[in-house]
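> heads up, no residue letters with this:
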DNA sequence: CATATATAATTGATATATCAAATATATTAT
DNA sequence: ATAATATATTTGATATATCAATTATATATG
């Protein structure tokens, strides 16, 4: 049975697109903010919107597993972007609090992120984005059901 | 400046789609072939088509950096999927040869991969794929130029 | 209440990602 | 031919990914 070489396949393009976007986004963030990764920024943004998220819930939102999340948050605590305290309502959970330094970063992030998205989507119409979203949803459903 | 939460953004869906596809593909490969990852399979497929590829060239094809590729190939040599010898035309390069075990894996891969793609793209028309490809190309260009 | 089961987080082991520096060999310029 | 520069690969350091096992706490069931 023969097979196309992988580089001709749509999944290859999907992977390339997201990797190039991540590289591009990280580069632009690093220009303005020292010592923060795209994913650490996402964690801050989610926590800012939903302060009661558990580590496990954040992990799901950013597509990481719990072990990775533990270590990411270890680092973010060490860098003093977050404080980790035990949740008294459920002592298995940790409450994550954004520190002053974390808030400082949160103030700088949005314009950079908006600009990244804008640049990355230059020349892409709203219809195309909707179409993209719809096709990706089909793929996600196919792979997870 | 306010910002949507990341989960409403198209890049989030792109990331999710490729991660779910990878998980799905890895699961199906692991059912049939022990001890091989999606990326190791890709390396074998590329080498099968283009036996003269250098590590650096393979790295580019599978979106890894040279250091990662060195370590991946270390492992594939240790597992006896590949042999690494010095290229006498250019002694900086290594020649990578697929072993008997590697060839055995290569025989089993294509039907699994074709089936994975087929299932993941169920209900997705050729037109949608073309459209997806075209939109992703725009994004890739925007991020790399 | 006591025990079994479920959940949140951590830890250990191993692989991969990323950057910078080092090594070996090739190529180019003087 | 020699020195300077470029290229392919490796190595070290650190972060992240993934799986399985462990710990601590909560919840459910007899």
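Noted; the coordinates are in hand. Keep in mind that this is a model prediction, so the values were computed, not measured.

> how about the residues of chain A that lie near DNA strand C?
Residues of chain A lying close to DNA strand C (Cβ under 7 Å from any atom of the strand) are A:19, A:22-23, A:26, A:54-57, A:66-67, A:69-71, A:73-74, A:84, A:90, A:92-94. Just so you know, the C-beta spots here come from the backbone N, C-alpha and C atoms, and that holds for glycine as well.

> could you redo the last one with a cut-off of 10 Å?
Selection of chain A residues close to DNA strand C by Cβ under 10 Å from any atom of the strand yields A:19, A:22-23, A:26-27, A:30, A:37-38, A:53-60, A:65-74, A:77, A:84, A:86-87, A:90-96.

> can you map out the strands along chain A?
A:82-86, A:94-98 (DSSP state E).

> wait, isn't residue A:80 in contact with residue A:101?
Yes. In this structure residue A:80 lies within contact range of residue A:101 using Cβ atoms under 8 Å: 5.1 Å.

> domain ranges for chain A?
A:1-32, A:35-111 (automatic domain parsing).

> Can you confirm whether the first one lies near chain B?
Yes. Taking Cβ under 8 Å from any Cβ of the partner chain as the criterion, domain A:1-32 and chain B are in contact, through A:1-3, A:5-7, A:9-11, A:13-21, A:23-24.

> just the last one next, same as before
Yes. Contact between domain A:35-111 and chain B is present through A:42, A:45-46, A:49, A:61-63, A:109-111 (criterion: Cβ under 8 Å from any Cβ).

> Tell me which two in these are the farthest apart.
Of all pairs drawn from the residues of domain A:35-111 next to chain B, the one with the longest distance (Cβ to Cβ) is A:63 and A:111, at 24.7 Å.

> Need the winner for burial among the strands of chain A.
Ranked by mean neighbour count under mean count of other Cβ atoms under 10 Å in any protein chain shown, these are led by strand A:94-98, which reaches a mean of 18.

> Backbone dihedrals for residue A:89, both of them.
phi -70, psi -30 (degrees, to the nearest 10).

> what's the neighbour count on it?
Residue A:89 has 8 neighbouring residues, counting by other Cβ atoms under 10 Å in any protein chain shown.

> That one and DNA strand D: what is the separation?
7 Å (Cβ to the nearest atom of the strand, to the nearest Å).

> separation between the closest residue to residue A:97 other than its chain neighbours and DNA strand D?
Nearest residue to residue A:97, sequence neighbours excluded (Cβ to Cβ, 6 or more residues apart in numbering or on different chains): residue A:83, at 4.3 Å. When distance is defined by Cβ to the nearest atom of the strand, residue A:83 is 17 Å away from DNA strand D.
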